[in-house]
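*Asks:* Any chance you can model this:
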Amino acid sequence: MRSNRLIFNRKSNPQKQHNPSLEFLISIHRKRIETAFSDIAKYLPEKIHAVTQSGFLIKLIMFIWAYTFDKLYIL
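*Replies:* The predicted model follows:
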C-alpha cells in the first residue's frame, strides 16, 4: 500500500526537476486549494471574538459550514 506524500512545487531552476506531468498536477491542485482558502476567507470577519479555544473552533467550523452550504446550494 502506498502512503500519501506531500509533494510541493519546486523553484524555477532547480537541479532536480519534477517531470512535466507531475508539475501540471501540482499546479492544478494548488490552484484548487488557493481558491478554496480565498473563498472561505471571504466568510471570515476581520475579528473573531472568542474567549476560549473551543469557542474559536466552533466559530471557525461554522464559517467553513457556511462556505460549504453556499457552494452546495448555488441558485
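
*Asks:* give me the low-pLDDT residue ranges for this structure?
*Replies:* Per-residue confidence of the chain (counting by pLDDT under 70) places the weak regions at 1-3, 74-75.

*Asks:* After whichever helix in the chain runs longest, which helix or strand is next?
*Replies:* Of all segments of type helix in the chain, defined using DSSP state H, the longest is helix 20-43. Counting by DSSP states H and E, the next helix or strand C-terminal to helix 20-43 is helix 53-72.

*Asks:* Show residues contacting that following helix.
*Replies:* Taking contacts as C-beta atoms under 8 Å, 6 or more residues apart in numbering, the residues outside helix 53-72 that touch it are 39, 40, 43, 44, 48, 50. To be clear about C-beta, it is placed using only N, CA and C from the backbone, and glycine gets the same treatment.

*Asks:* now the angle between helix 20-43 and it, please.
*Replies:* What separates the directions of helix 53-72 and helix 20-43 is an angle of 110 degrees, with axes from the mean of the first three to the mean of the last three C-alpha atoms, to 10 degrees.

*Asks:* tell me how far helix 53-72 is from the chain's mean position?
*Replies:* In terms of C-alpha atoms, centre = their mean, to the nearest Å, the gap separating the centre of helix 53-72 from the centre of its chain is 14 Å.

*Asks:* How about the contacts made by residue 16?
*Replies:* By C-beta under 8 Å, 6+ apart, the residues touching residue 16 are residue 10.

*Asks:* Now it: phi and psi?
*Replies:* When read as degrees, to the nearest 10, the backbone of residue 16 gives phi -100, psi 120.

*Asks:* Residue 70 versus that one, what's the distance?
*Replies:* To residue 70, residue 16 is 41 Å away according to C-beta to C-beta, to the nearest Å.

*Asks:* how near is residue 56 to residue 50?
*Replies:* To residue 50, residue 56 is 4 Å away according to C-beta to C-beta.
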